[in-house]
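# Provide a 3D model corresponding to the input given below.
(2 chains)
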Amino acid sequence: MATRNIHMIVIGGSSGALDALAALLPALPPGYPLPLAVVLHLPPTQPSHLVEVLRTKASLPTREPDDKEPIVPSTVYVAPPNYHLLVERGRSFSLSVDRPVLFSRPSIDVLFESAADAFGPHLAGVLLSGANEDGARGLGRIAEAGGLTIVESPATAAVPIMPAAALQRVAIDHAVPAAAIGTLLARLAAPTRSGEAT
Amino acid sequence: MTTSPDPELSALLDAVYHRYHYDFRGYAEASLRRRIGAALTHLRCPSLAELRERVLAEPRGFSELLRFLTVQVSDLFRDPSYYRSLRERVVPYLRTYPSLKVWVAGCATGEEAYSLAIVFAEEGLLDRTLIYATDIHPESLRAAEAGVYDLERFARFSDSYRQAGGRGSLSDFYTAQYSSAILDRRLKQAILFSDHSLATDVAFAEVELVSCRNVLIYFDRPLQDRAIGILRDSVRRKGFLGLGAKETLRFSAHAEAFTELVPEDRIYQRR
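Modelled structure (predicted):
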């Protein structure tokens, strides 16, 4: 772990993942420097209150990015409903309305694979509770690129299918409960003084 | 971190441009890669180099690739609040003009153009309106012109139509036939579908409203600037520009040419 030089974190999940996020986000202190991008599957037709909910849990600024928004440190980015969220090599986001992948838009694989292409070994991918296999392929790409892979332990996940699928296909670095994921992520980078993100 | 663009990808896009005059070189790379990856799988091509060979050797190979590079799926009244804001905030201005021109740039299979036509019909403006709807993909334009959609999508479309402030029933605007919904002739008569590329063509016409939604997201920043320049040149003074819910002029060189009329629905007004 100490040798890892992580510049960005991507997180995906589906059923049960909101509680897992609520358990792990408080572990990240104000001024935690790494940017995080989150895809959670939600019904596309309802207005999303995900950002409002996560804001109450995270001590970092939390928002849905606009297309081509530059990725800045100390920020939690949440994929907008009904769009795929992708990471460009120039360290900005882009969005797409391409077809759903594994019935999902946003798709975890789409975020993870594009982020792996952009950040290579400097990426950490986290897959939480969920009822389908989205994200397993994306975590595989992160592992191939030399990035850090973490799943919520199927034994403690509300719905184990998603992390279990990843464990079956990819040599995962850490499979631990949600709160422990928070601790792991917190150790990836020391906080900068608040408001002094670089 | 990988920063250099992939030379095989560049070679493919160069070949497509020089041979077929479709310019994807300024497309945002992450989604373009996914689309080309899907094409490789579908066409059973092992590599970008081989795909380039095939595309150069046979135009049919190119039209298959083009389908993967361009096909968008939209909905009638996608983002209902956008159409509601057009009704409430833009239509009152449009009423003051004796004749109206609207441009739907990047119309794909036509859903957005028809949604606008329905709004204009209900607001009593359609008789004096010409809607230009353009795209680069000939197959999409043909589908758009036909105006025939899967009937099973219309339950959802009807919900959106109501949320968008629809005054009657969406079924006033189509005829169901077996599993299809055929849109009304009076809508089609107001729309002119044609070929236009924001990447290679110039300003289209002078119009009162441009609606260009979820098209710019596929472009990189320099191509976005080119495209937004064309949109700017096509909107008359005090005319309107509507973008997708997550698209913004904030990062554009042309931001100063517009004011934000309805920021939450990305509706801008030309200065």
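
# low-scoring stretches of the chain, by residue?
Picking chain A for this. A:1-3, A:43-47, A:193-198 (pLDDT under 70).

# not quite, go with chain B.
Using pLDDT under 70, chain B drops low at B:1-4.

# would you mind listing what in chain A touches chain B?
Listed as neighbours of chain B in chain A under the rule Cβ under 8 Å from any Cβ of the partner chain: A:7, A:45, A:64-69, A:80, A:83-84, A:86-90, A:92, A:94-99, A:110, A:113-114, A:117-120, A:122. (Each C-beta comes from the backbone N, C-alpha and C, glycine too.)

# do you have the helices of chain A handy? List them.
Under the criterion DSSP state H, helices of chain A are mapped to A:17-24, A:50-55, A:108-119, A:136-144, A:161-169, A:178-188.

# so which of those is the most packed in?
Among these, the stretch with the highest mean neighbour count (mean count of other Cβ atoms under 10 Å in any protein chain shown) is helix A:108-119, at a mean of 28.

# which parts of the stretch 51-200 of chain B sit against chain A?
So the stretch 51-200 of chain B meets chain A at B:Q72, B:V73, B:S74, B:R156, B:D159 (Cβ under 8 Å from any Cβ).

# which parts of the one helix or strand B:R186 maps to are buried?
Assigned by DSSP states H and E, B:R186 belongs to helix B:185-188. By 16 or more other Cβ atoms under 10 Å in any protein chain shown, the buried positions in helix B:185-188 come out as B:L187, B:K188.

# so how many other residues sit close to B:E256?
By other Cβ atoms under 10 Å in any protein chain shown, 10 other residues sit near B:E256.

# check A:H84 too.
28.

# quick one: residues contacting the closest residue to B:F173 other than its chain neighbours.
Excluding its sequence neighbours, the residue lying closest to B:F173 (Cβ to Cβ, 6 or more residues apart in numbering or on different chains) is B:D184, at 5.0 Å. Contacts for B:D184 (Cβ atoms under 8 Å, 6 or more residues apart in numbering or on different chains) come out as B:F173, B:Y174, B:T175.

# let's have these in JSON lines, adding neighbour count.
Formatted as JSON lines, the contacts of B:D184 follow (neighbours: other Cβ atoms under 10 Å in any protein chain shown):
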{"residue": "B:F173", "neighbour count": "21"}
{"residue": "B:Y174", "neighbour count": "22"}
{"residue": "B:T175", "neighbour count": "12"}
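
# and which of the residues you listed is nearest to B:Y149?
Distance to B:Y149 across the contacts of B:D184 (Cβ to Cβ) is lowest for B:Y174, with 8.2 Å.

# name the nearest residue to the closest one, sequence neighbours excluded.
Using Cβ to Cβ, 6+ apart, the closest residue to B:Y174 is B:A181 (4.4 Å).

# what about the one you found, distance to B:F154?
5 Å (Cβ to Cβ, to the nearest Å).

# so between the two, which is more surrounded?
Taking other Cβ under 10 Å, B:A181 and B:F154 do not tie; B:A181 has more neighbours (21 against 18).

# buried subset of the residues of the stretch 51-200 of chain B next to chain A?
Buried among those by 16+ other Cβ under 10 Å: B:Q72, B:S74.

# among the residues of the stretch 51-200 of chain B next to chain A, which ones are in helices?
B:R156, B:D159.

# including distance to A:E152, could the residues of the stretch 51-200 of chain B next to chain A go into TSV?
Converted to TSV, those look like this (distance: Cβ to Cβ, whole Å):
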residue	distance to A:E152
B:Q72	34
B:V73	32
B:S74	35
B:R156	33
B:D159	35
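
# out of the residues of the stretch 51-200 of chain B next to chain A, which comes closest to B:L130?
B:S74 (21.1 Å).

# what's near enough to touch the closest one?
A:V97, B:A108, B:T109, B:E111, B:E112, B:N214 are the contacts of B:S74 under Cβ under 8 Å, 6+ apart.

# on that earlier part again, just the buried members of the residues of chain A next to chain B?
The buried subset of the residues of chain A next to chain B (16+ other Cβ under 10 Å) comprises A:7, A:64-69, A:80, A:83-84, A:86-89, A:92, A:94-98, A:110, A:113-114, A:117-120, A:122.

# mind putting the helices of chain A into a markdown table with distance to B:R67?
Compiled in a markdown table, those are given as follows (distance: least, Cβ to Cβ, whole Å):
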| stretch | distance to B:R67 |
| --- | --- |
| helix A:17-24 | 34 |
| helix A:50-55 | 33 |
| helix A:108-119 | 20 |
| helix A:136-144 | 23 |
| helix A:161-169 | 30 |
| helix A:178-188 | 41 |
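
# touching, B:E206 and B:R236? I think so.
Yes: counting by Cβ atoms under 8 Å, B:E206 does reach B:R236; the two are 5.2 Å apart.

# tell me where the stretch 51-200 of chain B has strands.
B:100-105, B:129-135, B:148-150, B:174-177, B:180-183, B:191-195 (DSSP state E, counting those that start in this stretch).

# repeat that for chain A.
Secondary structure of chain A (DSSP state E): strands at A:8-13, A:36-40, A:62-63, A:76-78, A:84-87, A:93-96, A:123-127, A:148-152, A:174-176.

# could you list every residue that touches the residue nearest to B:S74 when sequence neighbours are not counted?
Of all residues not flanking B:S74 in the chain, B:E111 sits nearest, at 4.3 Å (Cβ to Cβ, 6+ apart). B:E111 sits next to B:S74, B:D75, B:L76, B:R78, B:Y149 when contact means Cβ under 8 Å, 6+ apart.

# out of those, who's nearest chain A?
B:S74 (7.4 Å; Cβ to the nearest Cβ).

# measure the closest one to B:G106 for me?
From B:S74 over to B:G106 (counting by Cβ to Cβ), the distance is 10 Å.

# show me whatever sits in contact with both of those two.
With Cβ under 8 Å, 6+ apart as the test, B:S74 and B:G106 both reach B:N214.

# buried residues in stretch B:240-252?
B:F240, B:L241, B:G242, B:L243, B:G244, B:A245, B:K246, B:E247, B:T248, B:L249, B:F251, B:S252.

# pretty sure B:S85 sits against B:D265.
Yes: B:S85 is within contact range of B:D265, at 4.3 Å (criterion: Cβ under 8 Å).

# what's the local residue count around the nearest residue to A:A37 once chain neighbours are set aside?
Excluding the flanking residues, the one nearest A:A37 by Cβ to Cβ, 6+ apart is A:Y77, at 4.5 Å. Look at A:Y77: counted by other Cβ under 10 Å, it has 25 neighbours.

# since that was my last question, I'll sign off now.
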